[in-house]
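Engineer: Following is a predicted model, sequence given first.
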Amino acid sequence: MREWFKNIGGRRIGKIACACVLTFALLFSLCSACVAKKQPDQISYVIGISQANMREPWRLVLTQEIREEAAKHSDVRLVITDATDNSEKQIADIQKLLDFGVDLMIVSPCDVKKVTPVVSDVYQSIPVIVLDRVVEGYDYSLFIGPDNELIGKQAGKSVSQMLNGKGTVLELCGSSASQASIDRSEGFSSIIDETGDIQVEQVHVVSESRDSAEDIVRAYGTHLRDIDAIFAHNDYMALGASRALEQLGYEDIRIVGVDGFTGENRGIDLVRRGIIDETITCPTGGREAVQYALEILQEVSGVPKQVILRSHSVTKENADAYEAGLNRSYEEPDKIIDVGYAQVGTESAWRLANTQSIKTAAKEFGINLIYEDCNQSQERQIEALRRFIEMDVDVIVLSPVVDSGWDEILEEAQEADIPVLLSDRKVSTKKDDMYMTFIGADFLEEGRRAMRWVAETMEDPEECVRIMEIEGTVGASPSEERSQGFKEVMQEYPNCDIVYSSCGDFTYEGGKQVVEEYINSHDWDIDVIFSQNDDMALGAAEALENNGITPGVDVKLISVDGARSAFEALIDGRLNCVVECSPLLGPQLMKAIKDLMAGKELPLRIITDEKVYTQENAQKYIRSRKY
């Protein structure tokens, strides 16, 4: 069906056949969006869109942006469905799109839990891009969405500055069932709570509409005398609040909204006209979805697994510049890009593979890579960054040894107008704009996956499970977040307990030493070892064997990374589970650098693909391991 519709191989589709196809689509209640009037034989790709609903203003903008971006490509056709917020209908829509023969599907889920298995099934046959709400697991090609907690934090900072850290805020939240609204409130509260002198009154606007917000604010009446600012979870509610204030004669209450869309009576327009004071942008990902869809279909190297989009604070002062940036054109630089790269070191097989991937990708992308091995030293990394600044490189890439202590050198890079990208590990900084983007794994999810495997393999759910945790480098983001994710899931299982935790510094000898120290000071009573990388897990396995304890049998052994040596240990039965953290970041990193130098705005985070491997499936995948 798909090959016939696209007319691959030069076969022409007649007008009658084309009409039949469109009639077929209508019979299945599908909205076919013809983005450009071209002859049918010029169609290269058919993209199916399963939209959660066409009622919310945010989703209407999402659909509009998808259409506008697709219209730039005359060989692309869209087939769009509206689930009307009904999960059963969305599941049926997805199946109809699949039967229709689309080449790629874009899904914005109504209910994540219900839609997850359906998306997983579709992913087995065609690429799937998930928007807005990420489905469980990694059975999709790409997820694109905003960071709603960060949006809340940005709103909190804006309100705090407006009120000089003192006053009362009316927060117009969305539905209490909306995860986006929950995340925005948590982010907002995390900033407001730091001030100590700002009080917040929360009201849920279930419909999240302009009219409902207007009615609620108007009902406050004279109580509005005690309100200094309003934080509305979308610009439509912000507009409703503004209308109510105008009717009641309150002119001094500041208003911050969320969305930042262009067009009449949308966020940017409201800010320009002074109707609201500020909006925090919440990008839909519609444009990016079409762009990445074409890259996936054309098998472009470096397409990530997750893209977390960047948000901006837009005021009357920067509204014109922000909107102009949305419409700017992109051109690749006509010179070789110089990139300074400060690598952690060579502490593990993972790190060696990571370095090789980046070096290889730099050559393939035509980028001049200036490489520094900093041998686990933050001081050496800072020295390397200062050399890169003196050399006036175009971009700096940092894989930080630890999270903290980077503000000064990152400020120096900012002053030199040299963008910094983080690879593999994150940093904690005083300001949010100290680096351009993070490219790497979801360390929290890696920890969660490890503990989920423990839970799934418990023979007796009531039996006490004693766990040893072998941590990586102290202060490194993989160590802290893997531990956090593991413990987050472990809270659901009160019979599981981490009885011993110690640092192995991501090295083979470190993992071995942790186990030996425990054996020398305790009677062996550990059921599960959670090691935060393969090298430490293999060192731990050797220590167990040296003391007559059989790894993989007497104690379950879980590691994170997925190097070939870990797969061999799975096959031999010495490891039980390996959570993947791919070191092959080179293509994604170099693509991001190319995009940045072409003038594109980079996402906030670019997350790579990951899987979970066990003794049962290790043999199937070991041949494909490149490290």
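Structural biologist: Perfect, thanks for sending it. Numbers count the residues shown, from 1 in each chain.
Engineer: Domain-wise, how is this protein divided?
Structural biologist: Following the assignment in automatic domain parsing, the chain carries domains at 2-140, 148-284+317-326, 338-437, 443-581.
Engineer: Could you list the low-pLDDT ranges of this structure?
Structural biologist: Under the criterion pLDDT under 70, the flagged ranges of the chain are 1-41.
Engineer: which residue is nearest the middle of it?
Structural biologist: I308 (3.8 Å; CA atoms, centre = their mean).
Engineer: which neighbours does the strand or helix carrying it have in its sheet, and in what orientation?
Structural biologist: According to DSSP states H and E, I308 maps onto strand 306-309. Strand pairing for strand 306-309, determined by DSSP bridges: strand 142-146 (parallel), strand 605-607 (antiparallel).
Engineer: related to what we said a few turns ago, of the domains of the chain, which is nearest M597?
Structural biologist: M597 lies closest to domain 338-437 among these, at 6.4 Å (CB to CB). From N, CA and C alone the C-beta is placed, and that goes for glycine too.
Engineer: who touches the helix or strand just after the strand holding I308?
Structural biologist: Sequence order places strand 313-314 as the next helix or strand after strand 306-309, per DSSP H and E. Residues outside strand 313-314 that contact it (CB atoms under 8 Å, 6 or more residues apart in numbering): Q154, K157, S158, G260, G267, I268, V271, E278, T279, I280, T281, Y322.
Engineer: same thing with stretch 63-73?
Structural biologist: By CB under 8 Å, 6+ apart, the list of residues contacting stretch 63-73 from outside reads 33, 35-36, 47, 49, 51, 54, 76, 78, 80, 106, 284, 286-287, 289-291, 294.
Engineer: what's the helix or strand for V499?
Structural biologist: Taking DSSP H and E as the criterion, V499 maps to strand 496-503.
Engineer: which helices and strands does the helix or strand where I129 lies pack with?
Structural biologist: In this structure, I129 sits in strand 128-131 according to DSSP H and E. Strand 128-131 sits against strand 104-107, helix 112-123, strand 142-146, helix 286-297, with contacts defined as 3 or more CB pairs under 8 Å, 6 or more residues apart in numbering; DSSP states H and E.
Engineer: Can you tell me which of the ones you listed is packed in deepest?
Structural biologist: Among the helices and strands packed on strand 128-131, strand 104-107 has the highest mean neighbour count (mean count of other CB atoms under 10 Å), at a mean of 26.
Engineer: counting contacts, what elements does it pack onto?
Structural biologist: The elements that strand 104-107 packs onto, with contact taken as 3+ CB pairs under 8 Å, 6+ apart, are strand 45-51, helix 87-100, helix 112-123, strand 128-131, helix 286-297.
Engineer: Off-centre distance for that strand?
Structural biologist: With CA atoms, centre = their mean, to the nearest Å as the basis, strand 104-107 stands 18 Å off its chain's centre.
Engineer: so what strands line up beside that strand?
Structural biologist: Strand pairing for strand 104-107, determined by DSSP bridges: strand 45-51 (parallel), strand 128-131 (parallel).
Engineer: just to revisit the earlier point, return the set of buried residues in the strand holding I129.
Structural biologist: For strand 128-131, the neighbour count (16 or more other CB atoms under 10 Å) marks V128, I129, V130, L131 as buried.
Engineer: residues touching the second one, list them.
Structural biologist: With contacts defined as CB under 8 Å, 6+ apart, the neighbours of I129 are 104-107, 140-144, 289, 292-293, 296.
Engineer: repeat that with 7 Å
Structural biologist: Going by CB atoms under 7 Å, 6 or more residues apart in numbering, I129 touches I106, S141, L142, I144, A289, Y292, A293.
Engineer: is it in a bridge, and if so with what?
Structural biologist: Bridge pairing for I129 (DSSP bridges) gives the partners I106, L142.
Engineer: Next one: it from S176, what distance?
Structural biologist: Using CB to CB, to the nearest Å, one gets 29 Å for the distance from I129 to S176.
Engineer: what does the third one give?
Structural biologist: V130 sits 24 Å away from S176, going by CB to CB.
Engineer: Just give me the neighbour total for the closest residue to P333 other than its chain neighbours.
Structural biologist: Using CB to CB, 6 or more residues apart in numbering and skipping the chain neighbours, the partner closest in space to P333 is M597 (5.0 Å). As a burial measure, M597 scores 19 neighbours (other CB atoms under 10 Å).
Engineer: M597 contacts I337, correct?
Structural biologist: Yes - with contact taken as CB atoms under 7 Å, M597 and I337 are classed as touching, separated by 5.5 Å.
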